[in-house]
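# 3D model of this:
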Amino acid sequence: MITSPHNDKLKEVRRLQRRREGRFVAEGEDLLEAAALAGWPAAYELRSGIDVEPELLDQVSGLGSGTRALAVYEQRWSAPSGPLCVALWGVHDPGNVGTILRSAAAFGVSCVAIGPDTADPFGPKAVRASMGAIFSVPLARVASVAQLPAPRVALVAGAADRLDGPGDGTLVVGAERRGLPEEVVASCDGAVRIDIAGDSLNAAMAATIGLYEWTRVRHR
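Presented below is the predicted three-dimensional model:
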């Protein structure tokens, strides 16, 4: 059992809570179980009272209430793939990124592509918000729309075709306030909208509704 705060594993967990170096931390027994079900082995696990003294584990936890278990995993990245991909462009909030991963898992998305200026999906807040989807939905890094599976369809707030399913290709989602940059929309094969009474939707909610509308015919 680990009894020293200077243990190398505890030092690494502290460091990974601030920045990722090819690895990431997942906290809580539910997330560890999700990883195991997805066949994603941990580099190591730390369980309170078994592998490490409880107070030492609480000290490195990113949760305000501490944790009973955490694990360190190697990051996994893949190439963008279809038939259905969601691409995030400039989505800064890691909570939104994690929630979109959860929605992607619910709607059978093949891949979530992380575009420029988007929060790290392996950050602690994104991992928690994903509710385990981080382990089941493939992730890709992209620098341009051209790397995404076609057709590429921009989700916008302005004038555009009404979003309707069934959909294959890539649904490109931007930030809540600024939306997608004009050059990104211009690089897509088309643009669609969600009909709402207000001005905008939270990015995660927009992506979730978009996925529902785009896939609802397929799931009948």
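# so Ile100 touches Val173, yeah?
Yes. Ile100 is in contact with Val173 according to C-beta atoms under 8 Å; the separation is 7.2 Å. To be clear about C-beta, it is placed using only N, CA and C from the backbone, and glycine gets the same treatment.
# Give me the common contacts of these two.
Jointly contacting Ile100 and Val173 under the rule C-beta atoms under 8 Å, 6 or more residues apart in numbering are 86, 88, 91, 203, 207.
# Check what pLDDT the second one gets.
The reference is to Leu88. With respect to pLDDT, Leu88 has a value of 98.
# Same check on the one 10 residues further on?
Predicted confidence (pLDDT) for Gly98: 98.
# circling back to that earlier point, can you lay out the shared contacts of Ile100 and Val173 as TSV showing distance to Arg20, neighbour count and secondary structure?
Listed next are those as TSV, based on distance: C-beta to C-beta, whole Å; neighbours: other C-beta atoms under 10 Å; DSSP: H, G, I helix; E, B strand; the rest coil:
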residue	distance to Arg20	neighbour count	secondary structure
Val86	21	25	strand
Leu88	17	28	strand
Val91	17	24	coil
Ala203	21	25	helix
Ala207	23	28	helix
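# which one of those residues sits closest to Met131?
Closest to Met131 out of the shared contacts of Ile100 and Val173 is Ala207 (15.1 Å), distances taken as C-beta to C-beta.
# Please list all residues in contact with the closest one.
86, 88, 100, 103, 155, 171, 173.
# which is the next helix or strand following the helix or strand bottoming out on mean pLDDT in the chain?
Taking mean pLDDT, DSSP states H and E as the measure, strand 161-162 is the helix or strand of the chain with the lowest mean score, a mean of 64. As assigned by DSSP states H and E, the chain's next helix or strand after strand 161-162 is strand 169-174.
# what sits up against the very next helix or strand once past that following strand?
Of the helices and strands lying after strand 169-174 in sequence (DSSP H and E), the nearest is helix 182-187. Outside helix 182-187, the residues that touch it by C-beta under 8 Å, 6+ apart are 89, 144-146, 152, 154, 156, 172, 174, 191.
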